[in-house]
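S.K.: need a structure here:
(2 chains)
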Amino acid sequence: KAGVTQTPRYLIKTRGQQVTLSCSPISGHRSVSWYQQTPGQGLQFLFEYFSETQRNKGNFPGRFSGRQFSNSRSEMNVSTLELGDSALYLCASSAQNTGELFFGEGSRLTVL
Amino acid sequence: AQRVTQPEKLLSVFKGAPVELKCNYSYSGSPELFWYVQYSRQRLQLLLRHISRESIKGFTADLNKGETSFHLKKPFAQEEDSAMYYCALSGDSSASKIIFGSGTRLSIRP
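M.R.: Next comes the predicted model:
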């Protein structure tokens, strides 16, 4: 089985721009979660999608949004980028109700 | 509110010594607790979960509801245990929202 795939792996943006990150879950997994990882804050929960519906949301501003498609692939978008948005964004998928997350390698965003 | 606290950012022990990584949580209901590990240049992955009561790679963790703790222990550390360890909590039955602690970097000295 192919693992969780995230694209792009690295990207550089400037303040005020927007960015879209993509995540392809493990085949058969319908739940996709997004996390922001920074050295100071660790792993912060962004949101979780299941069957194209946002089921949970973390404490991030409205500039952070996401969606899930019918094939379970998910995207997250960050608008009006700020320097503090520089981080590794991790996507994880899971089979329903197992609680075990399978992580991708992440998309490293640098905002200049 | 769900909260996971890992008080140690860095823990350094000698090979063969016992290891204990601390994790405390805050949750009013019955949580499900996990330990995740990230080895160098590898993806974050599940190490163990409290409901399985397994020992994985010699590690065990017991859920203490009275102390709201889920410490990770290993009696004899090995060099390959060096990694970043995250304690995590899920507060709902669907385990759809998993909150992580800030992580502890474990360094095993030869």
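S.K.: in what helix or strand does residue B:12 lie?
M.R.: Counting by DSSP states H and E, the element that carries residue B:12 is strand B:10-14.
S.K.: go on, residue A:66?
M.R.: For residue A:66, the element it lies in under DSSP H and E is strand A:64-68.
S.K.: around chain A, which positions in chain B sit nearby?
M.R.: Contacts of chain B with chain A, taken as CB under 8 Å from any CB of the partner chain, map to B:32, B:34, B:36, B:43-46, B:49, B:86, B:90, B:93-103. All C-beta atoms are positioned from the backbone trio N, CA, C, and that covers glycine.
S.K.: only the buried subset of the residues you listed, as a ChimeraX command please.
M.R.: If you want just the buried ones from the residues of chain B next to chain A in ChimeraX, going by 16 or more other CB atoms under 10 Å in any protein chain shown, the selection is:
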select /B:32,34,36,43,44,46,49,86,90,94,95,96,97,98,99,100,101,102,103
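S.K.: what about the nearest residue to residue B:87 once chain neighbours are set aside, how many neighbours?
M.R.: Spatial nearest neighbour of residue B:87, chain neighbours left out: residue B:23 (3.4 Å); criterion: CB to CB, 6 or more residues apart in numbering or on different chains. Using other CB atoms under 10 Å in any protein chain shown, the number of residues around residue B:23 comes to 26.
S.K.: quick one on the thing from earlier: buried set for the strand holding residue A:66?
M.R.: A:64, A:65, A:66, A:68.
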